[in-house]
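Asks: what shape does this take:
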Amino acid sequence: MQTKMSRTTRGLLIATLALSASVLLAACGSDLGGGGNDGDVTTAEATGTVGGELVISQWPFYIDRKTVPEFEQDAGVEVNYIEDVNDNNEIFAKLRPDLQNGESADRSIIVVTDWMAKKMYDLGYLQNLDKDAIPAVDENLVDSLASPSIDPDRSYTVPWQSGMTGLVVNTAEAPDVTSINDIFDPKYKGKVTVLTELRDTVPLVMKADGVDPTKATTQEWLDAINKLNDAVKSGQIRKLTGNDYTDDLARGDAVVTIGWSGDAIQLQADNSDINFVMPDTGCILWSDNMVIPVGAPNPDAAYAFMDYVYDPANQSQIAQYNSYITPVKGVQDIFQKDAPDLAESELIFPTDEFTGDCTTQTDPPADGEQEVEDAWQQLISGG
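Replies: Residues are numbered from 1 along each chain as shown. Presented below is the predicted three-dimensional model:
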């Protein structure tokens, strides 16, 4: 298993980014709206000339060592691959001052989760895609991701990877964890973290208490937030985190976390006892998407990269590294020949039975969304 940098170095980097972004988030409060050009959507037109520099904002743990340099050599593009997406709200707060002025902070690709992609698009911060420039995406995108509710025609999003939110556990220290409600077990007091992602953490808590997140009332969302708030105040939950929860697990500061499926495999490089545990009431399913922001300086290079990673051979290299659900057809066939154990991995190719109790990531009720967002932001900020 490859590693990109030492755990300590990565931890310091992510912590620094998280601190900077939290200051920005606090400055703009819980209101993630404002600015943009509602209804005025441009298309990032391809010119057919690929070169120059490509700046990508991406999550950690998401790509192998070889893909970017091989793409650079193949396309004649210099890539600045920045792992600065620790949390959807944080990256939004960081880039918002530029985006609302029609600028992209030099980014030509940003990778964000479904709900944030839609929010940015509705604000006028994203461009439509020139689909003629990405034929491999059209040819190889898996059927199950072809028409999501947030972007039925895939007008502005290209899935990077999909995944599952559930339990990431040090099973040597917490061998009996099977339920989301185990994060409230007093024997794990101070050894628990949960994600700052509202649409990951809160629905899992509701599901464990018998509430269907897709039908939940505003009050049921607020009740789950209050339950988490009590656990934070009591010290049961150590902290709320973005992607940096991985460092708490690696250091042993946490043994039970709400986290993401592929991260567990990455952490096993250092500790084989860390595993993804499917909650007994099911996971949350989501996709992270490549999007092209307004003001992107190099759409041609962005399209070249999107098309490159949708070649099954190139995608298989990425999926073999990160163990998330691949959005590209043909990868399982490659694995059956070259990595048969991965071809059977339910983290990369989950069966209907494995995800039978899972729920697709959902928003709070529209008429109560701001109230829920405000309550969640107050919890995150320690208010």
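
Asks: for the rest of this, base every contact and every neighbour count on C-alpha atoms.
Replies: OK.

Asks: run the chain-centre distance for stretch 246-261.
Replies: Distance of stretch 246-261 from its chain centroid, counting by C-alpha atoms, centre = their mean, to the nearest Å, is 16 Å.

Asks: in that stretch, which residues are buried?
Replies: By 16 or more other C-alpha atoms under 10 Å, the buried positions in stretch 246-261 come out as 246-250, 254-261.

Asks: looking at those, which are in helices?
Replies: 246-250, 261 (DSSP state H).

Asks: tell me the SS of L228?
Replies: At L228 the chain is in helix, as set by DSSP: H, G, I helix; E, B strand; the rest coil.

Asks: for K118, which non-adjacent residue is closest in space?
Replies: I150 (6.0 Å; C-alpha to C-alpha, 6 or more residues apart in numbering).

Asks: surely that neighbour touches K119?
Replies: No - the criterion here is C-alpha atoms under 8 Å, and I150 misses it with K119 at 9.4 Å.

Asks: show me where the stretch 201-350 of the chain has its strands.
Replies: Counting by DSSP state E, counting those that start in this stretch, one finds strands in the stretch 201-350 of the chain at the ranges 237-241, 256-260, 274-277, 284-291.

Asks: list the buried ones in stretch 93-101?
Replies: Quick answer for stretch 93-101 (16+ other C-alpha under 10 Å): 93-96, 98-100.

Asks: can you put the buried residues of stretch 246-261 in TSV and add distance to N298 and pLDDT?
Replies: Converted to TSV, the buried residues of stretch 246-261 look like this (distance: C-alpha to C-alpha, whole Å; pLDDT from 0 to 100):
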residue	distance to N298	pLDDT
T246	33	94
D247	34	94
D248	37	96
L249	38	96
A250	37	94
A254	41	98
V255	43	98
V256	42	98
T257	38	98
I258	36	98
G259	33	97
W260	31	96
S261	32	95
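
Asks: what's the span of stretch 265-274 from first residue to last?
Replies: End-to-end span of stretch 265-274 (C-alpha to C-alpha, to the nearest Å): 8 Å.

Asks: flag every buried residue along that stretch.
Replies: Using 16+ other C-alpha under 10 Å as the test for burial, stretch 265-274 gives 265-267, 274.

Asks: re the thing from before, put together JSON lines for the buried residues of stretch 93-101, with distance to V112 on each row.
Replies: Formatted as JSON lines, the buried residues of stretch 93-101 follow (distance: C-alpha to C-alpha, whole Å):
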{"residue": "A93", "distance to V112": "13"}
{"residue": "K94", "distance to V112": "13"}
{"residue": "L95", "distance to V112": "12"}
{"residue": "R96", "distance to V112": "14"}
{"residue": "D98", "distance to V112": "17"}
{"residue": "L99", "distance to V112": "15"}
{"residue": "Q100", "distance to V112": "17"}
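
Asks: so, low pLDDT: which residues of the protein?
Replies: Filtered on pLDDT under 70, the chain yields the residue ranges 1-39, 383.

Asks: longest strand of it?
Replies: strand 158-170 (DSSP state E).

Asks: where's P97 relative to Y321, distance?
Replies: Remark: distance between P97 and Y321 (C-alpha to C-alpha) = 34 Å.

Asks: quick one: the helices in the stretch 251-383 of the chain?
Replies: In the stretch 251-383 of the chain, the helices defined using DSSP state H, counting those that start in this stretch lie at 261-267, 299-309, 312-322, 331-338, 340-343, 369-380.

Asks: go through these and name the closest to I225.
Replies: I225 lies closest to helix 369-380 among the helices of the stretch 251-383 of the chain, at 6.7 Å (C-alpha to C-alpha).
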